[in-house]
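Engineer: Here's a sequence, model it:
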Amino acid sequence: MSAREASGAHRDVEEANARFYRAFETLDLAEMDAVWMHADYVKCIHPGWPLISGWEAVRESWRVIFENTAEMRFTLADVTTVVSGPLGWVSCTENILSEVAGRISVTSVLATNLFERDAGSWLLIHHHASHVLTASRPPS
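Structural biologist: A predicted model of the protein is given here:
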């Protein structure tokens, strides 16, 4: 892959990641459908949830979240994007303002979003988000 192709792939993965967060913020299930690969091998881990496998189960998790959420806003920090062949991933800290069941909360979540290139589009195949439990790093 040339430097120009690598730079373009990097930008495309960043845009796919931005589409994911736009779908999340707008609580739009049709947009979330467009972001994900519809395959049995996709996976999703929401904070505090067990591993969800397969597109139908992953889609249902988003439906439940969207139905029970009035508002969700993200500010991303520590964003790192890597592309290697047909895979690209973004790791970041999600700083989230949300209103769920009438409760407003602010939290930080560590996330990794894995994308696969399919017919020229980058589609999400794995989303893993975990609460930040401590600000300190483990000893080396």
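Engineer: Return the distance of stretch 42-55 from the chain's centre.
Structural biologist: 11 Å (Cα atoms, centre = their mean, to the nearest Å).
Engineer: Ok, stretch 9-23 next?
Structural biologist: 9 Å.
Engineer: If you count neighbours, what's buried in the helix or strand bottoming out on mean pLDDT in the chain?
Structural biologist: Lowest on mean pLDDT, DSSP states H and E among the helices and strands of the chain sits helix 3-26, with a mean of 87. Neighbour-count burial for helix 3-26, counted by 16 or more other Cβ atoms under 10 Å, picks out 9, 12, 13, 14, 16, 17, 19, 20, 21, 23, 24. In short, each C-beta sits where N, CA and C put it, glycine included.
Engineer: The first one and residue 61, how far apart?
Structural biologist: Taking Cβ to Cβ, to the nearest Å as the measure, residue 9 and residue 61 are separated by 28 Å.
Engineer: Check the fourth one too.
Structural biologist: Between residue 14 and residue 61 the computed distance is 24 Å (Cβ to Cβ).
Engineer: likewise the second one?
Structural biologist: Using Cβ to Cβ, residue 12 is found at 26 Å from residue 61.
Engineer: Work out for me the element residue 49 sits within.
Structural biologist: Residue 49 is part of no helix or strand when elements are defined by DSSP states H and E.
Engineer: Per-residue pLDDT of it, please?
Structural biologist: Among the per-residue scores, residue 49 holds a pLDDT of 94.
Engineer: That one: how many residues sit nearby?
Structural biologist: 11 (other Cβ atoms under 10 Å).
Engineer: From what I see, it and residue 60 are in contact.
Structural biologist: No: using Cβ atoms under 8 Å, residue 49 and residue 60 do not qualify as a contacting pair, with a distance of 11.8 Å.
Engineer: Which residue, other than its chain neighbours, is closest to residue 70?
Structural biologist: Distance criterion Cβ to Cβ, 6 or more residues apart in numbering; nearest residue to residue 70, sequence neighbours excluded, is residue 99 at 4.2 Å.
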